[in-house]
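J.: Next come a sequence and a model predicted from it.
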Amino acid sequence: MPLDALCLSAVKTELTKIITDSKIDKIQQPERDVIILSLRGQKNQTHKLLISCGSGDSRIHLTDHKFDNPQSPPMFCMLLRKHTIGARISEIVQLPAERVIIIKLNSFTGLGLKSDKNLIIELIGGSSNLILTDETGIIIDCLRRIGGDLNDKRSVLPGMIYRNPPVREGKINPLEVSEKELSEAIKSTSDVHIDKWLNSAFTAFSPLICREISWRAYNDHDLRINEIKDTGEALIREFLTLIEQVKAGNYEPWLITDENNLPIDFSFTQIKQYTNLYTTEKEKTFSEMLDGFYTRSAQIKRINQRNSTILKLMSTARDRLVRKITTQTNELKESSNREYYRECGDIIAANYHNMSKGQQSLTADDFYSETNEKRTIKLDSLKTPQQNAAKYYKIYSKAKNAQKYLEEQIKTAEKELLYTESVTEQLKRAESEQDLNEIRNELTQTGYIKKKQQKTKQTESGPHRFKSSTGKQILVGRNNIQNDKLTFKIASKSDIWLHAQKIHGAHVIILCSGENPDDVTLQEAATIAAYFSAARADSKVSTDYTHVKNVKKTPASKPGMVIYNDYKTIIAEPDEKTIDRLRD
């Protein structure tokens with residue numbers, strides 16, 4: 001759901017307590033619509049404030065998530081750095097019942113002169129924007145430049161005076177409506193669902209809250225206004241109760257999850273309408289709730305959009321290999337009948353004296369049959385008996401050679417298929433643009449992508465790093481090339497190597513300096529190996545572990561492809577909360 005004005009008010013209240021009087025230390029723009037402000041507060045407390053102006057995920061909250069910087073910062077990011085690094089947050093303001101937040105900044109010029117700024121965050125769906133103005137309201141720049149034509153209702157361009165977004169005509173601010181006005185509005189409403197009416201008549205309400213008011217009033221979120229039996233008394237009561245809760249600042253972060261524990265919605269008040277259909281759980285803070293709901297899902301969405309081309313490439317390669325293996329397997333089955341052709345040649349050779357040129361078939365004793373039956377062999381009437389025998393020997397010889405060739409080709413194609421499937425799995429696990437770039441480089445090295453001349457040298461990311469509850473370092477490869485580097489160059493022979501059993505997954509290394517890892521570390525490392533595998537969605541995953549010295553690379557094998565022996569198996573649950581807790 002979009003972050004509605006009431007829930008945004010709750011976020012604003014929470015942020016005011018935490019980041020007011022903090023200084024802006026650093027600024028990142030990891031994505032086109034995402035800005036990260038690194039803040040330093042009193043007693044050197046640090047926070048990261050995420051501002052997203054994406055059309056489907058516009059929001060503002062604190063985050064603990066790590067973001068990769070682009071190789072060169074965008075122009076807007078550089079401008080923000082120029083004007084706001086070192087500035088102090090003096091106040092956070094929200095426009096009444098609107099999804100607009102203003103962060104007031106106390107800053108100074110290079111000459112030490114006071115030069116206050118306003119960072120205006122408009123979280124209005126597809127029109128979301130981030131605008132920097134001076135203290136007089138003149139726009140310095142904005143994330144999205146809007147308008148410029150005379151017909152435009154509202155232009156947002158550098159040098160212009162900032163104007164608030166237009167208020168939607170006919171809509172009522174629910175924070176200002178009286179009980180009498182609400183009663184009259186209900187009486188003047190025709191046949192329409194309560195939630196639809198609330199959503200169309202008032203600002204600030206999301207569809208979820210509109211349904212919740214209807215449910216609280218009548219235990220029904222599909223009721224129509226004309227079906228109300230109490231002239232709207234319960235509706236007015238629940239409406240005003242919710243508004244009083246908002247005015248008093250009694251906000252609570254509630255997350256709604258489905259049967260698979262996946263987040264589907266959230267609110268600033270407990271949602272009761274789903275009864276036993278979904279689960280509602282109270283979170284610690286609004287920032288934690290929004291970070292979990294949006295950041296990971298938004299990141300997955302962006303990565304999926306950007307890796308779609310590579311996924312299509314690998315899907316095409318996989319389909320081609322499957323067809324090739326199927327065709328060659330059928331040919332191999334046919335070649336398994338080669339002995340029949342040799343036997344036909346032998347029977348023809350044994351009957352030269354009874355044959356003549358022009359025969360179309362030969363029926364003779366089958367001395368290969370246990371019951372000494374007759375065999376009828378088809379002949380080429382244009383060939384001599386000797387030539388017909390030679391023809392069958394040639395078919396036999398060709399089939400014999402084909403079997404060896406096909407077995408080698410099928411084995412090679414099956415290895416290639418395993419590799420394409422492993423790359424596909426890594427694409428699904430990619431967490432950043434850099435992860436995708438490294439997979440592209442790997443596919444370039446293996447010949448799947450045409451090599452292009454790179455203008456700048458790309459930095460190589462390190463493996464995922466985790467620390468067990470007992471302090472042991474655990475490393476995880478991000479792609480096949482990194483898996484090889486991690487196992488055969490970084491890890492020592494006495495470290496512990498883990499991998500999900502018989503499925504595609506990352507190489508996981510416990511750095512244990514020759515010591516046997518404790519049971520807690522081993523179980524947590526197995527959880528990590530299960531999570532970074534194709535079985536991430538399963539509840540239980542068998543994970544193999546052994547010393548690195550027992551892991552071998554076969555000759556001419558693709559990156560990441562290994563064999564191992566002398567291993568043990570442990571059962572693990574790929575739990576995301578454990579993964580987040582152990583990240584180093």
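T.: Looks like it arrived, so ask away. Numbering: from 1, shown residues only.
J.: in the host helix or strand of T241, what's buried?
T.: Assessed by DSSP states H and E, T241 sits inside helix 233-247. Going by neighbour count (16 or more other C-beta atoms under 10 Å), the buried part of helix 233-247 is A234, L235, I236, E238, F239, L242, I243, V246. From N, CA and C alone the C-beta is placed, and that goes for glycine too.
J.: Mind putting those into CSV with distance to C77?
T.: Formatted as CSV, the buried residues of helix 233-247 follow (distance: C-beta to C-beta, whole Å):
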residue, distance to C77
A234, 51
L235, 48
I236, 49
E238, 45
F239, 43
L242, 39
I243, 39
V246, 35
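J.: And those residues, which two are furthest apart?
T.: A234 and V246 (19.0 Å; C-beta to C-beta).
J.: In contact with N480, which residues?
T.: Y419, S422, V423, Q426, E442, K558, P559, G560, M561 (C-beta atoms under 8 Å, 6 or more residues apart in numbering).
J.: in stretch 37-45, what counts as buried?
T.: Neighbour counts over stretch 37-45 (16+ other C-beta under 10 Å) mark L37, S38, L39, G41 as buried.
J.: That stretch: how far from the chain's middle?
T.: Distance, stretch centre to chain centre, for stretch 37-45: 30 Å (C-alpha atoms, centre = their mean, to the nearest Å).
J.: Tell me the span between the first and last residue of it.
T.: Taking C-alpha to C-alpha, to the nearest Å, stretch 37-45 runs 14 Å from one end to the other.
J.: Other residues contacting it?
T.: Counting by C-beta under 8 Å, 6+ apart, 18-19, 21-28, 46-49, 51, 89 sit against stretch 37-45.
J.: before we move on, what about stretch 75-90?
T.: 19-29, 35, 39, 73, 103-108, 116-117, 119, 132, 140-143.
J.: Next, the buried residues of it.
T.: Applying 16+ other C-beta under 10 Å to stretch 75-90 flags F76, C77, L79, L80, R81, H83, T84, A87, R88, I89 as buried.
J.: before we move on, what about stretch 327-338?
T.: Residues of stretch 327-338 classed as buried: Q328, E331, L332, S335, R338 (neighbour count, 16+ other C-beta under 10 Å).
J.: how about that stretch as PDB, C-alpha atoms only?
T.: Provided in PDB are the C-alpha atoms of stretch 327-338 (Å, rounded to 0.1, in the frame of the first residue of the first chain):
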ATOM      1  CA  THR A 327      17.900 -35.100 -29.200                       C
ATOM      2  CA  GLN A 328      21.300 -36.600 -28.400                       C
ATOM      3  CA  THR A 329      19.800 -39.000 -25.900                       C
ATOM      4  CA  ASN A 330      17.400 -40.300 -28.500                       C
ATOM      5  CA  GLU A 331      20.200 -40.700 -31.000                       C
ATOM      6  CA  LEU A 332      22.200 -42.600 -28.300                       C
ATOM      7  CA  LYS A 333      19.200 -44.900 -27.900                       C
ATOM      8  CA  GLU A 334      19.200 -45.600 -31.600                       C
ATOM      9  CA  SER A 335      22.900 -46.200 -31.700                       C
ATOM     10  CA  SER A 336      22.500 -48.900 -29.000                       C
ATOM     11  CA  ASN A 337      21.000 -51.100 -31.700                       C
ATOM     12  CA  ARG A 338      24.300 -51.100 -33.700                       C
END
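J.: Where does the prediction get shaky in this protein?
T.: By pLDDT under 70, the low-scoring segments of the chain are 1-2, 148-152, 295-302, 433, 452-460.
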